[in-house]
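> next comes the sequence, and after it the predicted model I'd like to discuss.
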Amino acid sequence: MSSIKIECVLPENCRCGESPVWEEASNSLLFVDIPARKVCRWNSLTKQVQRVTVDAPVSSVALRQSGGYVATIGTKFCALNWEDQSVVVLAAVDKDKKNNRFNDGKVDPSGRYFAGTMAEETAPAVLERHQGSLYSLFPDHHVKKYFDQVDISNGLDWSLDHKIFYYIDSLSYSVDAFDYDLQTGQISNRRSVYKLEKEEHIPDGMCIDAEGKLWVACYNGGRVIRLDPETGKRLQTVKLPVDKTTSCCFGGKDYSEMYVTCARDGLDSESLLRQPEAGGIFKITGLGVKGIAPYPYAG
Ligand SMILES: O=C(O)[C@H](O)[C@@H](O)[C@H](O)[C@H](O)CO
Ligand SMILES: [Zn+2]
C-alpha cells in the first residue's frame, strides 16, 4: 500500500512554472518561469536555488550532452551556459509570426529537442488560435517542422520502446499519439488516446513513467492524472492544493518522486489567498511507481 504525500518544497511564486527536468548529476530540479524569463535550478540536497534571467519568455529547458543546457527562448532554440549565464542561438523558427513564442519542449530518446510554438496569450488560454507549429532541433542544429495549426503546443514524451510519440495541443482537450520512427525522427498516424473530462480542465505538461503510463498535469484542474495510453482509461487522480498545475516529471532517488510545477498568473486575489503556494514547486512521494531519466540533447 502506498501513502501519497504532497509537499511544496520551494515557494517560488512562479508566474508560470513549467518544464520540470531532473538533473541526476547535481541532484537538482531544473524548471522555467515563462513570463518571468527565468531558468531555475533547485538543489534538492542544499535546498538552494539558482536563477538565470534571459531576454525573452523561456518556455522549456533540457539537459545537453556536451554540458550546460538547451532552452527554448522566444522563438529560438538556444544553448545555455550555466557558469557564465551566456546564451547562444542554435536555430530560430516562426520568423513570420511576430506574436509567437515557443511553449513546452522535451528531448527525444536519440537526442533531438522537440518543442512547439503558440501565439502569445493575452490571458491564460486566451490567444489567437491555430498559430503554432511543432518542431524539432536535430543534433546538427537543423530544424524539422512537423505540422502547423497548433493552438497551445504542450506536453510531449515517448513510449518506453520509442515507437510512439505522445503530444498535447491543450485546446483540443486531448492526449494524442503518433507512430514514431526514432531513426529518422518522423511521426505519422495521429490519433487520440484520451479526452479530458470537464473537471480535468486543460491538459498541459506530461511525462511517462517506468510502466509506460502517462502523467498529465491539468491546468485549472489542480491535479495530475495517470493514463493508460493502451486502453484510454484514467488509472489515477492526484489532487494538489493549487489549481493551475502546469507540468510534471519524475526525479529524486531512482526517479521515485514526482515534481509538479504550477502558475500564479490568472488567479484572482481571493484564489491566491486560498492557495498561497501557487507558483511553488511540489513534490509527490509514495506514488509507488518510478519515472525514467530525461534524455539529453545530443548537439
Ligand atoms: O505553460 C503553458 O503551457 C502555457 O504557456 C500557459 O500559458 C498555460 O499553461 C496555458 O494557458 C494553459 O493551457
Ligand atoms: Zn505547458
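Nice, I can see it. Ligands and ions are numbered 1, 2, ... in the order given.

> excluding its backbone neighbours, what's nearest the residue of the stretch 1-150 of the chain found nearest ligand 2?
Evaluated by CB to the ion, the stretch 1-150 of the chain has residue 104 as its residue closest to ligand 2, separated by 4.5 Å. For glycine as for every other residue, the C-beta is placed from the backbone atoms N, C-alpha and C. Nearest non-adjacent residue to residue 104, counting by CB to CB, 6 or more residues apart in numbering: residue 154, 4.8 Å away.

> any idea where the strands of the stretch 151-299 of the chain begin and end?
Per DSSP state E, counting those that start in this stretch, the stretch 151-299 of the chain has strands spanning 153-158, 164-169, 174-181, 186-195, 202-208, 214-219, 223-228, 233-239, 245-251, 257-262, 281-285. These are given in chain order.

> where in the chain is pLDDT low?
Counting by pLDDT under 70, the chain shows low-confidence ranges at 1.

> and it, which residues reach ligand 1?
16, 18, 34, 103-104, 121, 124-125, 152, 154, 170, 202, 204, 219, 246 (CB under 6 Å from any ligand atom).

> wait, what's in contact with the residue nearest to residue 104?
With contacts taken as CB atoms under 8 Å, 6 or more residues apart in numbering, residue 154 has the following neighbours: 103-104, 116, 168-170, 203-206.

> so which of these wins on neighbours?
In terms of neighbour count, residue 205 stands highest of these at 31 neighbours, by other CB atoms under 10 Å.

> how close does the residue nearest to residue 104 get to residue 169?
7 Å (CB to CB, to the nearest Å).

> same deal with residue 238?
Taken as CB to CB, the spacing of residue 238 relative to residue 169 amounts to 23 Å.

> what does residue 163 give?
Relative to residue 169, residue 163 is positioned 21 Å away (criterion: CB to CB).

> residue 217 contacts residue 243, doesn't it?
No - with contacts defined as CB atoms under 8 Å, residue 217 does not count as touching residue 243, sitting 11.4 Å away.

> between these two, which has more neighbouring residues?
More neighbours sit around residue 217 than around the other of residue 217 and residue 243, counting by other CB under 10 Å; the figures are 30 against 20.

> run through the residues that contact the more buried one.
In this structure, residue 217 makes contact with 155, 203-206, 223-224, 245-248, 260-261, judged by CB under 8 Å, 6+ apart.

> check contacts around the closest residue to residue 229 other than its chain neighbours.
In space, and not counting its chain neighbours, residue 229 is closest to residue 193: 4.4 Å by CB to CB, 6+ apart. Applying CB under 8 Å, 6+ apart to residue 193 gives the contacts 166, 175-177, 214, 227, 229, 232.
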